[in-house]
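**Q** turn this into a structure:
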Amino acid sequence: MAFTVKEIAAALEAQVFGAAELTVQGASEPADAGLGDLALAMDPKYAPGLAKGQARAAIVWDGADWQALGLEAAIVVPRARYAMSGLTRLMDPGPEIAPGVHPSAIIDPSAEIGDGAAIGPLAVIGPRAEIGPNARIAAHASIAEDAVIGADALLLHRVHIGARVRIGDRFIAQPGAVIGADGFSFVTPEKSRAEDAREALGQEVEALNTSWTRIHSLGTVEVGDDVEIGANSTIDRGTIRATRIGDRTKLDNLVHIGHNVTVGVDCLICGQVGIAGSTRIGDRVVFGGQVGVSDNIFVGDDVVAGGATKIMAKVPAGRVMLGYPAMKMEQFLEAGRNWRRLPRLMDDVKALKKAVSKNERDD
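**A** Residues are numbered from 1 along each chain as shown. Below is the predicted model of the structure:
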């Protein structure tokens, strides 16, 4: 698909200079750009790459001398990464899902399919499910009984939506996502060793010969509007109440949300994060990759946790956390400096002990 520089600038609400009617077919890094590419030179460090490539047009940083860079046209943006969101939205054709219902799709007669919906090969829509207008459902996706999918949703290949799950408008699920599996909830007839160990704070407890009995999940999952779920991520249904994901929250690949969890609005949860059951996450929270959150705790609004942080207790609103166990960033950085000093400290302690021992012998 071809775009004029003027069309791209309009989509980005950015300034355009030079040959605005110049046509490009795609985007490229400056050094790799061909004659039909729009070079992405949004920072001065990319200027040398323009000389190596063949781009005639580029997105450049605010204040760039685009003519001196050898360009025929330029789009000037104040915030490069935000401009990337608009550019990629414009140029991404999205998955190719044919309009209408594919002949191999299996749709229960009681299901309701909204106007303009597209349902791909071998998709399965269960009894009484509701699919919103203009929703797109790719091959091998499945939607169980009584589930509700909002308007303009996009479910990619092998996504599974469980029974009674309710999902808002403009939802996106990447391949392999599972929303509405049973929660991981088991109990023993007598108090288990795990419960005793938790109460004893790690002290040795007696081992009991007990087996695990399933607690079934009667609740569901409720997902707000404009939510995106990454590939192979899972959200468990609640035991009694619903597991909830707030509006505009984004989950990366391989994220696990346990049963009864509540996640607020505008959260960003990166890859391999795990949030244990019945925990509440506030609004606008950001978790880096591999963050772990214990069960039955509260993480306040606007908390940021860096990669691999392990949150095991309540976190007040606005904190920036790092480490295992999680601590305030400044405390973690100071602790890190102290850890690096430990070998020298131990050498000093050994020297002092040796000196004290020598003095005692001399006395």
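
**Q** from here on, just use CA atoms for contacts and neighbour counts.
**A** Noted.

**Q** ok, which stretches of the stretch 201-350 of the chain are helices?
**A** For the stretch 201-350 of the chain, applying DSSP state H, counting those that start in this stretch gives helices covering 329-362.

**Q** contacts for stretch 39-56?
**A** 27-38, 57-61, 64, 69-73, 77, 80 (CA atoms under 8 Å, 6 or more residues apart in numbering).

**Q** go again with 6 Å.
**A** For stretch 39-56, contacts defined as CA atoms under 6 Å, 6 or more residues apart in numbering pick out 27-35, 37, 58-61, 71-72, 80.

**Q** what subset of the residues you listed is buried?
**A** Those of these that meet the buried threshold are 27-31, 33-34, 37, 58-61, 71-72, 80, by 16 or more other CA atoms under 10 Å.

**Q** those in helices, which ones?
**A** residue 80 (DSSP state H).

**Q** which elements pack onto the worst-scoring helix or strand of the chain on mean pLDDT?
**A** Ranked by mean pLDDT, DSSP states H and E, the weakest helix or strand in the chain is helix 193-199, scoring a mean of 74. For helix 193-199, not one helix or strand is in contact under the criterion 3 or more CA pairs under 6 Å, 6 or more residues apart in numbering; DSSP states H and E.

**Q** shaky segments in the stretch 1-150 of the chain?
**A** Judged by pLDDT under 70, the stretch 1-150 of the chain has no weakly predicted residues.

**Q** what about the helices in it?
**A** Here the stretch 1-150 of the chain has its helices, by DSSP H, counting those that start in this stretch, at 5-12, 47-52, 80-91.

**Q** now distance to residue 316 too, for these, in TSV please.
**A** What follows is the helices of the stretch 1-150 of the chain, written out as TSV (distance: least, CA to CA, whole Å):
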stretch	distance to residue 316
helix 5-12	37
helix 47-52	44
helix 80-91	29
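
**Q** which of these sits most buried?
**A** Counting by mean count of other CA atoms under 10 Å, helix 5-12 has the highest mean neighbour count of these, with a mean of 19.

**Q** between it and helix 80-91, how big is the angle?
**A** With axes from the mean of the first three to the mean of the last three CA atoms, to 10 degrees defining the directions, helix 5-12 sits at 110 degrees from helix 80-91.

**Q** which helices and strands does helix 5-12 pack with?
**A** The contact analysis (3+ CA pairs under 6 Å, 6+ apart) places helix 5-12 against no helix or strand.

**Q** give me the residues contacting that helix.
**A** Under CA under 6 Å, 6+ apart, the answer for helix 5-12 is 20, 22, 86.

**Q** distance check, the second one against residue 38.
**A** When distance is defined by CA to CA, to the nearest Å, residue 22 is 10 Å away from residue 38.

**Q** looking at those two now, which is surrounded by more residues?
**A** Higher neighbour count among residue 22 and residue 38: residue 38, with 29 against 16, using other CA atoms under 10 Å.

**Q** residue contacts, the residue nearest to that one when sequence neighbours are not counted?
**A** Counting by CA to CA, 6 or more residues apart in numbering, residue 38 lies nearest to residue 27, which is 4.6 Å off, once chain neighbours are set aside. Applying CA under 6 Å, 6+ apart to residue 27 gives the contacts 37-39.

**Q** and for residue 281?
**A** With CA under 6 Å, 6+ apart, residue 281 has these contacts: 262-264, 299.

**Q** what do you get if the cut-off is 10 Å, keeping everything else the same?
**A** Contacts for residue 281 (CA atoms under 10 Å, 6 or more residues apart in numbering) come out as 245-246, 261-265, 267, 275, 293, 297-303, 315.

**Q** got the confidence number for it?
**A** Predicted confidence (pLDDT) for residue 281: 98.

**Q** same question for residue 207.
**A** So, for residue 207, pLDDT stands at 65.

**Q** mind listing what residue 181 touches?
**A** By CA under 10 Å, 6+ apart, the residues touching residue 181 are 160-163, 165, 217, 220-221, 234-238, 258-259.

**Q** with residue 185 instead?
**A** By CA under 10 Å, 6+ apart, the contact set of residue 185 is 212-217, 238-239, 258-259, 277.

**Q** can we see that at 7 Å?
**A** Residues in contact with residue 185 (CA atoms under 7 Å, 6 or more residues apart in numbering) are 214-215.

**Q** give the burial count for residue 36, as a bare number.
**A** Residue 36 has 18 neighbours, counted by other CA under 10 Å.

**Q** roughly how far apart are it and residue 348?
**A** The value you get for residue 36 to residue 348, if CA to CA is used, is 66 Å.

**Q** circling back to that earlier point, please point out which parts of the least confident helix or strand of the chain sit buried.
**A** Residues of helix 193-199 classed as buried by neighbour count (16+ other CA under 10 Å): 193, 196.

**Q** renumber starting at 617 from here on
**A** Will do, 617 is the new start, and the previous item becomes helix 809-815.

**Q** how distant is that helix from the center of its chain?
**A** With CA atoms, centre = their mean, to the nearest Å as the basis, helix 809-815 stands 33 Å off its chain's centre.
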